[in-house]
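Student: below: sequence and its predicted model.
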Amino acid sequence: MRVLIVDDEPNIRRTLRVALEAMGHAVSEAASAAEALRQAEREPCDVALVDLRLGDQSGLDLLEPLQAQNPRVAVVVITAHASIDTAVGALRRGAFDYLPKPFTPAQVRAVLERVARVRGLYDRVADLEEQVRREVPEVDLQGRDPVVARVLDLARKVAPTDAVVLVRGENGTGKGVLAHALHAWGRRAAGPFVTVSCPSLSAELLESDLFGHAKGAFTGAVRDVAGKVAAAEGGTLFLDEIGDLPPPLQPKLLRFLQERKYERVGETKTRTADVRLVAATNRDLEAAVASGAFREDLFYRLNVVEITLPPLRSRSDVADLAEHLLGFFARQTGRRLTGFAPAALAALGRHPWPGNLRELRNAVERAAILAEGPEIGLADLPERIGQATRPTGPGGGPTALGGPFTLEQVEVEHIRRVLAAAPSLDAAARTLGVDPSTLYRKRKQFGL
């Protein structure tokens, strides 16, 4: 690695240089903070060994400008004036490690090996993220639709702040992708992104999943669990489908939003967390507030900045998105696919897309696999798309009974609206007159 030694004592610099070069590292030196910054600007380093006292300056004051020049640099503070307070202070200000004098070459080697391991992990994560980007087409945040452009402009403006964001939209419109983008575009991008699925668990288990629990708090709690709030420390906590949050948990989330304080299940100790919160829902939260299923104060606390993603059927760029996806799947499958036939493009434009972007992605992937020639024809699309008529009335309004729609289209639209209005999945199943398990299968079938 490239190592910069910052120390005002020539003998220390000379001794360290000999040891580091013997280990195979490239070494540069600086006797002062100003010289260190000039040297780091000329030749970026992987590691900086910085003396705590540089004449009348503190080496700790060098951490921030060094890391501003190169965020990947690992700063190791070295000092003959070791104490717990100075060690903690150095680590809090961003130092990688702390090395008290006198130290041996073996101790220096051990620190640099730790730096190399951590750098290797960061590089591995970056490689995996790039692999995911290659394998998953992010059409959700692409396209020429002006409404989507305004949505993304608003998202980029709010991303650098810590304001709570409520992302609204139907299932499959890309709410989770937008939540990830808000995290990636913000100052917490280097921190964790943690998702909590609100409809997935009972109120008791969801509270434990969110805030954690102490050993013995309930049957099966055989050890302490930190919870996802703690896991998101310094990053973003994404509450997916917040409209399904059980009522008993709503006042606890409200308190956390207001004070950033919480207790683990089975504990009385109050903890604090530094997280940015993003929530998403496909529900009509105003209706849920009116019915008493969702707390009004929690709704207003969540709705600091509201971003609504449009359904795919209202977007003007379906053809562009389909072409982008086809290019991706052509590369993934190794096939030469030139585009869509006019009849296929017309069918894509007519389809109501109840499953939104998720349904479009699945349809294009299927077509890319099954197409016999280089052009995607009408027969290569799923039958429901090839025969579809967009479910709108003569004036462009919603589906009306007796209109030119298939039974499946009417069923899909009715289920979608009931889901949007109901306070919970169980309530939606009761309204529809079906078992919750049947509703679950329908949602999966139609991509709702």
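Tutor: Yep, it's here.
Student: all helices of the stretch 301-448 of the chain, in order?
Tutor: Here the stretch 301-448 of the chain has its helices, by DSSP state H, counting those that start in this stretch, at 318-333, 342-350, 356-370, 383-386, 407-421, 425-432, 436-446.
Student: go through the second one and flag the buried ones.
Tutor: Put plainly, it is helix 342-350. For helix 342-350, the buried set under the neighbour-count rule, 16 or more other C-beta atoms under 10 Å, comprises 344-345, 347-348, 350. From N, CA and C alone the C-beta is placed, and that goes for glycine too.
Student: out of the residues you listed, the closest to Ala279 would be?
Tutor: Using C-beta to C-beta, Leu348 is the member of those that sits closest to Ala279, with 31.6 Å.
Student: that older thread, and of the helices of the stretch 301-448 of the chain, who's closest to Ala226?
Tutor: When the helices of the stretch 301-448 of the chain are compared by C-beta to C-beta, helix 425-432 sits nearest Ala226, at 28.5 Å.
Student: which helices and strands does the closest one pack with?
Tutor: Counting contacts by 3 or more C-beta pairs under 8 Å, 6 or more residues apart in numbering; DSSP states H and E, helix 425-432 packs against helix 407-421, helix 436-446.
Student: which residues touch that helix?
Tutor: Contact with helix 425-432 is made by 199, 244, 293, 414-415, 418-419, 422, 435-436, 438-440, as judged by C-beta atoms under 8 Å, 6 or more residues apart in numbering.
Student: mind listing what's buried in that helix?
Tutor: Counting neighbours by 16+ other C-beta under 10 Å, one finds that the buried residues in helix 425-432 are 425, 427-429, 432.
Student: using CSV, write out every CA atom in that helix.
Tutor: C-alpha atoms of helix 425-432 as CSV (Å, rounded to 0.1, in the frame of the first residue of the first chain):
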residue,chain,number,x,y,z
LEU,A,425,-55.2,-7.3,4.4
ASP,A,426,-57.7,-9.1,6.6
ALA,A,427,-60.1,-6.2,6.2
ALA,A,428,-59.6,-6.3,2.4
ALA,A,429,-60.3,-10.0,2.4
ARG,A,430,-63.5,-9.5,4.4
THR,A,431,-64.7,-6.8,2.0
LEU,A,432,-64.0,-9.1,-1.0
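Student: that helix vs helix 436-446, what angle?
Tutor: 90 degrees (axes from the mean of the first three to the mean of the last three C-alpha atoms, to 10 degrees).
Student: what about helix 425-432, average pLDDT?
Tutor: Regarding helix 425-432, the rounded mean pLDDT is 80.
Student: any idea how far it is from the chain center?
Tutor: Chain-centre distance of helix 425-432: 31 Å, with C-alpha atoms, centre = their mean, to the nearest Å.
Student: could you measure from Leu407 over to Ala428?
Tutor: Counting by C-beta to C-beta, to the nearest Å, the separation of Leu407 from Ala428 is 19 Å.
Student: show me where the stretch 51-200 of the chain has strands.
Tutor: 53-54, 57-58, 74-79, 97-100, 165-168, 193-197 (DSSP state E, counting those that start in this stretch).
Student: pipe those into JSON lines and attach mean pLDDT per row.
Tutor: Below are these laid out as JSON lines (pLDDT from 0 to 100):
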{"stretch": "strand 53-54", "mean pLDDT": "82"}
{"stretch": "strand 57-58", "mean pLDDT": "80"}
{"stretch": "strand 74-79", "mean pLDDT": "87"}
{"stretch": "strand 97-100", "mean pLDDT": "85"}
{"stretch": "strand 165-168", "mean pLDDT": "96"}
{"stretch": "strand 193-197", "mean pLDDT": "91"}
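Student: Val88 is nearest to which of the ones you listed?
Tutor: Using C-beta to C-beta, the strands of the stretch 51-200 of the chain put strand 97-100 closest to Val88, at 8.9 Å.
Student: ok, the closest one: who's next to it in the sheet?
Tutor: Strand pairing for strand 97-100, determined by DSSP bridges: strand 74-79 (parallel).
Student: could you find the closest non-adjacent residue to the one residue sitting closest to the centre of the chain?
Tutor: Centroid-nearest residue in the chain, with C-alpha atoms, centre = their mean: His180, separated by 2.9 Å. With sequence-adjacent residues excluded and distances taken as C-beta to C-beta, 6 or more residues apart in numbering, His180 is closest to Phe193, at 6.3 Å.
Student: about what we covered before: and the furthest pair within the contacts of helix 425-432?
Tutor: So, these by C-beta to C-beta: farthest apart are Ala293 and Thr438, at 22.0 Å.
Student: out of the two, which sits in the busier spot?
Tutor: Ala293 (19 against 12; other C-beta atoms under 10 Å).
Student: state whether that one is indeed within a strand.
Tutor: No: looking at Ala293 with DSSP: H, G, I helix; E, B strand; the rest coil, it is coil, so not inside a strand.
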